[in-house]
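Peer 1: Dropping the sequence and predicted coords here.
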Amino acid sequence: MSRLLAINGSYRTDGVIDQAVELIASAASQAGVQTEVIRLRDYPIEFCRNCRQCTQMPGEAPGNCQHQDGMRELIAKIESADVLVLASPTNFSTVTAIFKRFMERLVVYAYWPWGAHVPQFRKRELTKRAVLIASSAAPGPMGRLAFSTLRQLKMTAKTVGAKPVGSVFIGSMSQDDHPTLPDRVQSRLRKLASKLL
């Protein structure tokens with residue numbers, strides 16, 4: 001059975017990112033795919049200390065972080081997943097701080113021995129598939145061009161060995177205190193879910 005892991009960097013419960021992730025997770029579950037959604041706002045992840053101990057051992061397997069927190073389990077979940085959903089709203093032109101904290105802890109996917117000027121990706125082949133979801137108060141086309149949110153999500157996918165098969169940028173989400181996904185966005189997400197699976 002295929003496994004889908006969704007990593008949600010939104011702060012807002014039941015906001016548009018939550019709705020979008022749940023729509024894809026529900027479609028995957030109905031298709032017989034084992035699904036799990038990680039809400040980073042509820043997940044115990046410490047800040048990276050930049051000690052680089054996790055980057056010293058060669059090989060494709062992620063390094064071992066010195067922190068004894070939820071990231072160890074999350075790395076294991078990423079490794080066992082076949083498909084990923086990476087999602088974050090846009091805050092100050094990029095992913096949220098909690099998604100960035102998660103991204104920094106993905107340094108375990110780098111081989112960077114002392115003396116080397118630059119790190120190497122451990123995952124050189126992109127064997128997984130990913131869908132990227134972002135949102136912002138700005139209109140979608142402007143958000144895609146002006147903000148780095150999707151670029152950060154794409155880099156995250158590549159780091160863990162996943163190739164994006166599509167993305168959604170949900171724009172103009174500041175018009176309502178409790179926004180809902182527009183029908184056209186729901187339709188796009190369903191198409192992406194079928195493409196992902």
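Peer 2: Received, thanks.

Peer 1: For T149, give me its contacts.
Peer 2: Applying CB atoms under 8 Å, 6 or more residues apart in numbering to T149 gives the contacts 88-90, 93-95, 134, 136, 143, 169. Just so you know, the C-beta spots here come from the backbone N, C-alpha and C atoms, and that holds for glycine as well.

Peer 1: Which helix or which strand is home to the residue positioned nearest the centre of the chain?
Peer 2: In the chain, the residue lying closest to the centroid (CA atoms, centre = their mean) is L86, at 2.6 Å. Per DSSP states H and E: L86 is located in strand 83-89.

Peer 1: so what strands line up beside that strand?
Peer 2: Note on strand 83-89: by DSSP bridges, its sheet partners are strand 3-8 (parallel), strand 128-135 (parallel).

Peer 1: Just to check, the residue nearest to the centre of the chain is in contact with A130?
Peer 2: Yes - between L86 and A130 there is a contact under CB atoms under 8 Å: 5.9 Å.

Peer 1: what about M142, neighbour count?
Peer 2: Around M142 there are 13 other residues, counting by other CB atoms under 10 Å.

Peer 1: ditto for R124
Peer 2: Neighbour count for R124, taken as other CB under 10 Å: 8.

Peer 1: now swap in V168 and tell me
Peer 2: Using other CB under 10 Å, V168 has 20 neighbouring residues.
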